[in-house]
Structure formats: structure tokens, C-alpha cells
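*Asks:* okay, predicted coordinates and the sequence, questions at the end:
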Amino acid sequence: MRMKVAIQLFTLRDSCKEDFVGTLKKVAQLGYDGVEFAGNWGGLEARELKALLEEMGLQAAGSHVPLHMLENDLDEVIEYQKQINCQYITCPNLPEDRRGGIEEYSQLAKLLTKFGEKCAENGMKFSYHNHAFELEDLGGKQPLNILLDESSPEVVNAELDIYWLTKAGENPVEWIEKYKGRTPLLHLKDMTTDGEQFFAELGTGGVDLESSIRAGVQAGVEWFIVEQDQTKRDPFESATISLNYLKKQPSAPNL
């Protein structure tokens, strides 16, 4: 099985704002297999974006869609994603005013199920992407467990982010194994080893990437997605360093 690697375009958000099409071309030139959109599709019509991706040899690995769009425009979102051959729709985050207690997260789990059911009806897969706030303790429960355990496993998946899991003191491998079969997408990030715990290019920090990649392969991850929320060098240089790291990994088959 060949390991497919995409980049989350949030990493290149400034470049996307300046030249969306040019950014996609650079990503293709770097050698990435696909892109995960960050709630921005360049203002292009679906047919235009589909043609561009095909021309560049890129796949739409997935799309992060804000909660308000999922709640208010899901039919339109699904139709657009279908047209660009994007199979994965992901809720990337929760606004602060939607982060409550156990009951609020239980209600959100039901809402995620509704999104997942609608996606499944259209031949698509729905996921939730974590940060660190979902790993805080709420009376013996973690919000991420509530969101995943109380939503339907048939239609709600996990897009686990190994940086945020690590920063929260969790073991990413344990989470990948726990939700094996529900992790089609995995966010790969590294973290500096100083007290700052800043985002780092893959292979330059202290996150146990190799174990997570190996666990992801065994768990059936379909897309390994590079994301670096902030960079201290040119973001394209960071994207190149991370991809080159993955190419050297024995746990990354046939990359």
C-alpha cells in the first residue's frame, strides 16, 4: 500500500490569500499527493477547481468546514465537495462559545452524527479534528472521548492531530489504536523540544512521529496530512522539510 501525503492549506494560508492557484501549483511541484482545504476554495467554482487539481495531479484529500457552515449550508458544501472529488469533510474546531460542559459536548456529539449521516447519504465521510481543549478533564471525562464515543461510529470519524495530543500529555498511538477503523485522516505535526513547544517541521522536534505513522498505517489511515500552524521560516520551505522527512521514514511505505 502506498502512503498518500497531503498538506493542510492552513499551513500556506497567506500564500493562498495572495495567489490560490499559484499555491496549488507550488504544492504539486513539491511532490505532495493532495491538499486538505482550510475552509477556503479560492473563490472558484467547483468545476474550475476540479480541472485545476486534475491538471496539477493533485487530489482533494479533504476539506475543513467551519461549524457554522456545517449547520447552515451542509447541502451546498456536500455538492461542492462531490464535484471536486473530495470524499472527506471535517469539522476542524469548535468556537469558544460552543465549548461547555459534559451535557453540551453530548449534544454536540448528536449534532456530529447528523452531519455524518448526511455525508454518508452522499457517499462521503465525516470527521472531527481535535485540538488540546477537547482533552481537558471534565469531571472524569474528556470532551474528545464524549464527541467520539457518543456519536455514531458508523458515520463519525476522528482526524487525530498528534501535535495537540502530545501537547495535552496524551499518547497519540493509544488514540490511533483506540479509534482504529475510524481514523481515515491523520494530522502529522512536530513540536520544538524547548519550553515554547512551538510548531516544528517534521523530524526536527520531539514528537514520536515514527510510532504514530506506523500505528496509522496499521489502523488504515488513508491520508497522512502535514500541517504546521505557524512557521519561523518560509512556509514552503517548512513544507519541503516535512515531506523530505516522510520520504526517509521506513514506516512510510512506498512514499
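*Replies:* Happy to help now that I have it. Residues are numbered from 1 along each chain as shown.
*Asks:* switch to C-alpha atoms for all contacts and neighbour counts from now on
*Replies:* Noted.
*Asks:* and the spatially most distant residue from the centre of the chain, what are its phi and psi?
*Replies:* For the chain, the C-alpha lying farthest from the average C-alpha position belongs to Gly139; by C-alpha atoms, centre = their mean, that distance is 28.0 Å. The main-chain torsion angles of Gly139 are listed as degrees, to the nearest 10 and equal phi 60, psi 40.
*Asks:* quick one: it from Met124, how far?
*Replies:* Distance of Gly139 to Met124, given as C-alpha to C-alpha, to the nearest Å: 34 Å.
*Asks:* so, low pLDDT: which residues of the stretch 151-255 of the chain?
*Replies:* Judged by pLDDT under 70, the stretch 151-255 of the chain has its weakly predicted residues at 250-255.
*Asks:* which stretches of the chain form strands?
*Replies:* Under the criterion DSSP state E, strands of the chain are mapped to 4-8, 34-38, 59-64, 88-91, 125-129, 156-161, 185-188, 190-191, 199-200, 223-226.
*Asks:* a markdown table for those strands, including distance to Leu148?
*Replies:* Compiled in a markdown table, those are given as follows (distance: least, C-alpha to C-alpha, whole Å):
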| stretch | distance to Leu148 |
| --- | --- |
| strand 4-8 | 22 |
| strand 34-38 | 22 |
| strand 59-64 | 17 |
| strand 88-91 | 13 |
| strand 125-129 | 8 |
| strand 156-161 | 7 |
| strand 185-188 | 15 |
| strand 190-191 | 24 |
| strand 199-200 | 26 |
| strand 223-226 | 20 |
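*Asks:* and those strands: which comes nearest Ser211?
*Replies:* Across the strands of the chain, the minimum distance to Ser211, taken as C-alpha to C-alpha, is reached by strand 185-188, at 11.5 Å.
*Asks:* now Val217: how far from Arg233?
*Replies:* For Val217, the distance to Arg233 (C-alpha to C-alpha) stands at 30 Å.
*Asks:* check Ala51 and give its pLDDT.
*Replies:* The per-residue pLDDT reported for Ala51 equals 98.
*Asks:* residues touching it, list them.
*Replies:* When the contact criterion is C-alpha atoms under 8 Å, 6 or more residues apart in numbering, Ala51 has no partners at all.
*Asks:* go on, Ile102?
*Replies:* With contact taken as C-alpha under 8 Å, 6+ apart, Ile102 is in contact with Leu138, Lys141, Pro143, Ile146.
*Asks:* quick check: closest non-adjacent residue to the third one.
*Replies:* This means Pro143. Sequence neighbours aside, Glu134 is the residue nearest to Pro143 in space, at 4.6 Å (criterion: C-alpha to C-alpha, 6 or more residues apart in numbering).
*Asks:* more neighbours: Val217 and Arg233, which one.
*Replies:* Neighbour totals were compared for Val217 and Arg233, and Val217 leads with 21 against 9 (other C-alpha atoms under 10 Å).
*Asks:* and the gap between the more buried one and Lys17?
*Replies:* Remark: distance between Val217 and Lys17 (C-alpha to C-alpha) = 33 Å.
*Asks:* the lengthiest helix in the chain - what's its average pLDDT?
*Replies:* Within the chain, and with DSSP state H defining each element, the longest helix by residue count is helix 102-121. Per-residue pLDDT over helix 102-121 has a mean of 98.
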